[in-house]
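1. quick check, what structure comes out for this input:
(3 chains)
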Amino acid sequence: MRAVRYWLLKSEPDVFSFDDLLRAPRRTTVWGGVRNYQARNYLRDELQVGDGVLFYHSSTDPSGVAGVARVVRAGYPDPTQFDADDPGHDAGSKHEAPRWFAVNVRAEQELAELVSLERLRAEPRLAGMGVLRRGNRLSVQPVTPAEWKLVLALGGLS
DNA sequence: GCCAACGTTGGC
DNA sequence: GCCAACGTTGGC
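-> Residues are numbered from 1 along each chain as shown, chains lettered A, B, ... in the order given. Have a look, this model is predicted:
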């Protein structure tokens, strides 16, 4: 069995916050609507059940990691691509060859303290994190086990 | 296949 | 609101 991996998933809290996830039925949501091929590849091929998720709040003040979640369903075709009324509708995507994928994630624990972007930047051992790179836009990013552990510690989780 | 125009993301 | 980064689109 493959080792657990770790990921950072971005969400705009005005749209869907970690708090929303905590309040969702079974504290679980479909993580979809992603229309970027690199992120799609991660969702389709890499995220597996049991993988850890850093839930990152973007486009807010302060931005940062708000909580920890877990992948509870691996990649499957994102239903919104087939929904003509959905903003993520993709007329070019066929059921037999879906273009876009989603996973399900379940909230595990809110960080005692939000780990802000500023705080992440201040930690030299986190300098390699994708979310710190200028111009970074990828909404699904891999995180190393060491980064995962450190972010949780900064957030007040042991 | 090149590349300019355009749209989106997201920090500041 | 600004603008850098960068993915996508479409003319050629």
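2. following the longest strand along chain A, which helix or strand comes up?
-> Longest strand in chain A by number of residues (criterion: DSSP state E): strand A:101-116. Toward the C-terminus, strand A:101-116 is succeeded by helix A:117-121 as the next helix or strand (DSSP states H and E).
3. what about stretch A:60-71 and DNA strand C, touching?
-> No. Using Cβ under 7 Å from any atom of the strand, stretch A:60-71 never reaches DNA strand C; the gap is at least 9.4 Å. Using the backbone N, CA and C atoms, a C-beta is placed for each residue, glycine as well.
4. do stretch A:7-27 as well
-> No. Counting by Cβ under 7 Å from any atom of the strand, DNA strand C has no neighbours in stretch A:7-27; the shortest distance is 12.5 Å.
5. straight-line length of that stretch, end to end?
-> In stretch A:7-27, first residue to last residue: 18 Å (Cα to Cα, to the nearest Å).
6. for stretch A:27-41, same thing?
-> Stretch A:27-41 has its terminal residues 25 Å apart, counting by Cα to Cα.
7. tell me how far that stretch lies from the chain's centre.
-> Relative to its chain's centre, stretch A:27-41 lies at 8 Å (Cα atoms, centre = their mean, to the nearest Å).
8. quick one, grab the pLDDT at the residue of chain A found nearest DNA strand C.
-> Among all residues of chain A, A:Gly135 sits closest to DNA strand C, at 2.0 Å; criterion: Cβ to the nearest atom of the strand. pLDDT, A:Gly135: 83.
9. what of the one 10 residues further on?
-> Confidence per residue is given as pLDDT, and for A:Pro145 that number is 96.
10. swap in A:Asp83?
-> Predicted confidence (pLDDT) for A:Asp83: 89.
11. same thing with A:Pro79?
-> Reading off the confidence values, A:Pro79 has pLDDT 93.
12. which one is A:Asp45 nearest to, not counting chain neighbours?
-> With Cβ to Cβ, 6 or more residues apart in numbering as the criterion, A:Asp45 has its nearest non-adjacent residue at 6.9 Å, and that residue is A:Gly75.
13. as a quick check, tell me the outermost residue of chain A.
-> In chain A, the residue that sits farthest from the middle, by Cα atoms, centre = their mean, is A:Glu96; the gap is 26.2 Å.
14. what about the closest residue to A:Leu120 other than its chain neighbours, neighbour count?
-> Nearest non-adjacent residue to A:Leu120, counting by Cβ to Cβ, 6+ apart: A:Leu126, 5.3 Å away. When neighbours are counted by other Cβ atoms under 10 Å, A:Leu126 registers 20.
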